[in-house]
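Asks: Provided below are the primary sequence and the corresponding predicted coordinates.
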There are 2 protein chains.
Amino acid sequence: MTGPRFPALIRELPETVPFVGPELQEREMGRPFRARLGANENVFGASPRAVEAICASGEHVWKYADPSHRDLKAALCDKLDCAPENIVFGVGIDGALGDFLRLLVEPGDAVVTSAGAYPTFNYHVDGLGGVLHKVPFRDDHEDIAALFAKAAEVDAKVVYLSNPDNPMGSWHAGEVIEAALADLPEGCVLALDEAYVEFAPEGTAPRIGVEDPRVIRFRTFSKAYGMAGIRLGYAIGAQPLIRAFDKIRNHFAMNGPAQAAAQAAVQDEDWLAHVLAQVDDAKAHIAEIAAASGLTALPSATNFVTVDCGRDGDFARAVLKGLIERGVFVRMPGVAPLDRCIRISAGRPEELDVLAEELPRALAAARGGD
Amino acid sequence: MTGPRFPALIRELPETVPFVGPELQEREMGRPFRARLGANENVFGASPRAVEAICASGEHVWKYADPSHRDLKAALCDKLDCAPENIVFGVGIDGALGDFLRLLVEPGDAVVTSAGAYPTFNYHVDGLGGVLHKVPFRDDHEDIAALFAKAAEVDAKVVYLSNPDNPMGSWHAGEVIEAALADLPEGCVLALDEAYVEFAPEGTAPRIGVEDPRVIRFRTFSKAYGMAGIRLGYAIGAQPLIRAFDKIRNHFAMNGPAQAAAQAAVQDEDWLAHVLAQVDDAKAHIAEIAAASGLTALPSATNFVTVDCGRDGDFARAVLKGLIERGVFVRMPGVAPLDRCIRISAGRPEELDVLAEELPRALAAARGGD
């Protein structure tokens, strides 16, 4: 009685979890975190109108939600100044990235990203048998020129760039990306992850015609819109590419509460402005807390602050461990030299008070080799 | 300025929509359906406790929902008598089927299903470059012996069987499937779609050890639990196969409202019993309405009734068209001889009144060649 016959690609992949959820860490510790500052969630929450829409959606949940997403697309198109045919939804950006990569990457195909950039992008490439080529960050920024040069060198089908960047919080002005496009090799698509772009200074999103076949953008309701739990991301791109998603995507994937909530959220500009102000305050506070311990907060165009712990990765990992043990959920970059830092999401004042209390202790413990 | 370099597999796939949603049909008609009886949704709705849970989830929607699904898994394991490691969630059964097929099917691999069975299964196989082999229904039932014989003949990696069946509503006793397993070829996995099993007579679900490596089952919250809109399906199978999903799935795909609602729904047995009784009443009523027009309702172990229109596919398509034009959303099987039938979901009394009024008219129009 044999089991399934997995292809070699699948057999050789690791069973993996790109991110361990804080819930699992809490269960292992036997107590909840006192401050949830690790997943770049938006603790200031969704628009009250979106929350209402979720509640109201319960009554209609017996229906399959509209697979053409007409109402939500209409709301987004108003905002983004594009046609419904330029948008496709995914189950979070993760889902949209996965679908996009399935459209292009076959085993052996080259894909370029930055060393230390979004692990779930890499997970999808690995899962398709693509070959990842990684380019180092340069001065804590993704190095666009080096990324595009590497793409040319390895004949990449896709190059990934997040702007603003995660995990460093850095960013390039939109103009820089616009100018760099001239050096994007023929036949390579730029996957531009703009998950955090709503937090960034005006002008961070490059002005690229939506029908430009070289670029596809990814955005989400998980960050500025405060709804990581609804799983709704989307891609914006040229119609031929967006239409191709219809060949492989899960057409009924967008849940009803999410569609209703996202539509309400897009139309609530006031709440978005409120959240952005709260996030700015929180980031300033995190920078003060870091400075009070002699650490440097890197400039951030996101809803998190990457704090340079001033030594090497082992030291930052010790600081991280100390914070987690003290009930502060944070994460950190995975590769050197980025891993000299820890990454702290914008939190509510009461959570940042916990951080202010525990960071000096975690640092002292790390310095003491505790 | 070239566009994306799609592989041949993707280039040659059709841009498709496995099912057109009723919303699109309504927009094209310029008016809403009077009776929504085409998608086998559960019009009797979700457990009030689940609806409450969706409402309450709005407040927490800023968080990523637990990617380990611990609480929901615990509730399901109680009910299914299996371990958490035997369950994996998907974005609907569609999502779970898609992930499962990605684990096994490479271009050129053989997969067996019934001609006229679930189109979305076929869509996923096509999207992976698998080669579908289709076996005819036998007396309106999926023909298990012929499916397994075909699987042996073509060295299939996967054979699909839905029990109860969609679109015919027929079923096999669990014992029949248990006995047939002896003839499942080595190295072929039986994908047993039990989306409708809660509606079926006791004994329809085969007793197969959860660690049996030959079988994987698929279930959903879309049908008996009345929550098609939350997009939550799951697969139950042997741990090595279930663990393999962790190599490729979208780990954070399960939205928060869905997890909360499903957990509440599983624990509300009374509501499930209430729904099943309502569905039985509705099915009896549909059979009466069919009989009043001289049509035969096929026996059904699902929440829909497949009605034999008594002539060929062209006639049934004319009846279907007449119903849709008259505001009754229904669907029908896609291949002969199944396409002599139309498929009507269990509806509320007021919707079935519309059906009772319009079916004779649609029939008269179809007979008149209108």
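Replies: Received it, and whenever you're ready, just let me know what you need.
Asks: Can you confirm whether the one helix or strand in chain A whose mean pLDDT sits lowest lies near chain B?
Replies: Least confident element among the helices and strands of chain A, by mean pLDDT, DSSP states H and E: helix A:22-29 (a mean of 92). Yes. Helix A:22-29 lies in contact with chain B when judged by CB under 8 Å from any CB of the partner chain; the contacting residues are A:23, A:24, A:27. The way it works is simple: take the backbone N, C-alpha and C, and place the C-beta from them, glycine included.
Asks: Residue A:31 belongs to a helix, doesn't it?
Replies: No. With the criterion set as DSSP: H, G, I helix; E, B strand; the rest coil, the secondary structure at residue A:31 is coil rather than a helix.
Asks: Number of residues surrounding it?
Replies: A total of 9 residues lie near residue A:31 under the criterion other CB atoms under 10 Å in any protein chain shown.
Asks: residues in contact with it?
Replies: For residue A:31, the contacting residues are residue A:327, taking CB atoms under 8 Å, 6 or more residues apart in numbering or on different chains as the criterion.
Asks: helix or strand for the closest residue to residue A:340 other than its chain neighbours, which one?
Replies: The spatially closest residue to residue A:340, leaving aside those adjacent along the chain, is residue A:316, at 5.4 Å (CB to CB, 6 or more residues apart in numbering or on different chains). With elements taken from DSSP states H and E, the one containing residue A:316 is helix A:313-325.
Asks: before we move on, what about residue A:160?
Replies: Counting by DSSP H and E, the secondary-structure element that holds residue A:160 is strand A:158-162.
Asks: Residue A:350 now?
Replies: helix A:349-367.
Asks: Okay, buried residues for that helix please.
Replies: Neighbour-count burial for helix A:349-367, counted by 16 or more other CB atoms under 10 Å in any protein chain shown, picks out A:351, A:352, A:354, A:355, A:356, A:358, A:359, A:362, A:363, A:365, A:366.
Asks: now what about it, what contacts it?
Replies: Here helix A:349-367 has contacts from A:34-37, A:43, A:282, A:285-286, A:289-290, A:292-293, A:295, A:309, A:315, A:318-323, A:325-328, A:344, A:347, A:370, using CB under 8 Å, 6+ apart.
Asks: All the helices of the stretch 51-200 of chain A, residue numbers only.
Replies: Counting by DSSP state H, counting those that start in this stretch, the stretch 51-200 of chain A has helices at residues A:70-80, A:92-104, A:119-127, A:144-154, A:174-180.
Asks: After the helix holding residue A:316, which helix or strand is next? Please name it.
Replies: The first helix or strand that comes after helix A:313-325 along the chain, using DSSP H and E, is strand A:328-329.
Asks: So what's the gap between that next one and the chain middle?
Replies: Relative to its chain's centre, strand A:328-329 lies at 19 Å (CA atoms, centre = their mean, to the nearest Å).
Asks: Is chain B within reach of it?
Replies: No. Using CB under 8 Å from any CB as the criterion, no contacts between strand A:328-329 and chain B are found, and the smallest distance is 11.2 Å.
Asks: Give me the residues contacting that strand.
Replies: Against strand A:328-329 from outside (CB under 8 Å, 6+ apart): A:22, A:25, A:33-39, A:354-355, A:358-359, A:362.
Asks: Could you do stretch A:136-147 as well?
Replies: Outside of stretch A:136-147, the residues within contact range by CB under 8 Å, 6+ apart are A:112-117, A:135, A:159, A:161-163, A:165, A:168, A:170-172, A:176-177, A:180, A:183, A:298, A:306, A:338.
Asks: low-scoring pLDDT stretches of the stretch 51-200 of chain A, where are they?
Replies: Judged against pLDDT under 70, the stretch 51-200 of chain A has no low-scoring part.
Asks: after the one helix or strand residue A:270 maps to comes which helix or strand?
Replies: According to DSSP H and E, residue A:270 maps onto helix A:269-292. Taking DSSP H and E as the definition, the helix or strand that follows helix A:269-292 towards the C-terminus is strand A:296-297.
Asks: so how many other residues sit close to residue A:2?
Replies: Residues within reach of residue A:2, counting by other CB under 10 Å, total 11.
Asks: so how far is the helix holding residue A:350 from its chain's centroid?
Replies: Helix A:349-367 has its average C-alpha position 25 Å from the chain's average C-alpha position, going by CA atoms, centre = their mean.
Asks: can you check stretch A:18-26 too?
Replies: For stretch A:18-26, the separation from the chain centroid amounts to 16 Å (computed by CA atoms, centre = their mean).
Asks: coming back round to it: ranking by neighbours, what's the top pick from the residues of helix A:22-29 next to chain B?
Replies: Neighbour counts for those peak at residue A:23, which has 19 neighbours (criterion: other CB under 10 Å).
Asks: In space, what's closest to it - neighbours in sequence excluded?
Replies: Distances taken as CB to CB, 6+ apart place residue B:66 nearest to residue A:23, at 4.3 Å, with adjacent residues excluded.
Asks: Does that neighbour touch residue A:20 like I think?
Replies: No. Distance between residue B:66 and residue A:20: 11.0 Å, which falls outside the contact criterion (CB atoms under 8 Å).
Asks: Once you drop chain neighbours, what's closest to residue A:362?
Replies: Of all residues not flanking residue A:362 in the chain, residue A:322 sits nearest, at 3.1 Å (CB to CB, 6+ apart).
Asks: Same check on residue A:7?
Replies: Among residues not flanking residue A:7 along the chain, residue B:106 sits closest, at 4.8 Å (CB to CB, 6+ apart).
Asks: The one you found - how many residues pack around it?
Replies: 17.
Asks: And it, how close does it get to residue B:94?
Replies: Distance from residue B:106 to residue B:94, counting by CB to CB, to the nearest Å: 21 Å.
Asks: and what of residue A:73?
Replies: The span separating residue A:73 from residue B:94 equals 20 Å under the rule CB to CB.
Asks: now residue A:168
Replies: Residue A:168 is 37 Å from residue B:94, where distance means CB to CB.
Asks: Specify the angle between the host helix or strand of residue A:49 and helix A:269-292 in degrees.
Replies: Secondary-structure element containing residue A:49, defined by DSSP H and E: helix A:48-57. An angle of 120 degrees separates the directions of helix A:48-57 and helix A:269-292 when computed by axes from the mean of the first three to the mean of the last three CA atoms, to 10 degrees.
Asks: just how off-centre is helix A:48-57 within its chain?
Replies: Averaging C-alpha positions (CA atoms, centre = their mean) puts helix A:48-57 24 Å from its chain's average.
Asks: ditto for stretch A:129-139
Replies: The answer for stretch A:129-139 is 17 Å, by CA atoms, centre = their mean.
Asks: For it, list the C-alpha coordinates in CSV.
Replies: Once side chains and other backbone atoms are set aside, the C-alpha atoms of stretch A:129-139 remain, and they are given as CSV (Å, rounded to 0.1, in the frame of the first residue of the first chain):
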residue,chain,number,x,y,z
GLY,A,129,11.4,25.2,-8.5
GLY,A,130,12.6,28.7,-9.4
VAL,A,131,16.2,29.6,-8.8
LEU,A,132,16.7,32.6,-6.5
HIS,A,133,19.5,35.0,-6.9
LYS,A,134,20.0,37.3,-4.0
VAL,A,135,21.6,40.8,-4.1
PRO,A,136,22.8,42.4,-0.9
PHE,A,137,21.2,45.5,0.5
ARG,A,138,23.3,48.6,0.1
ASP,A,139,23.4,51.0,3.1
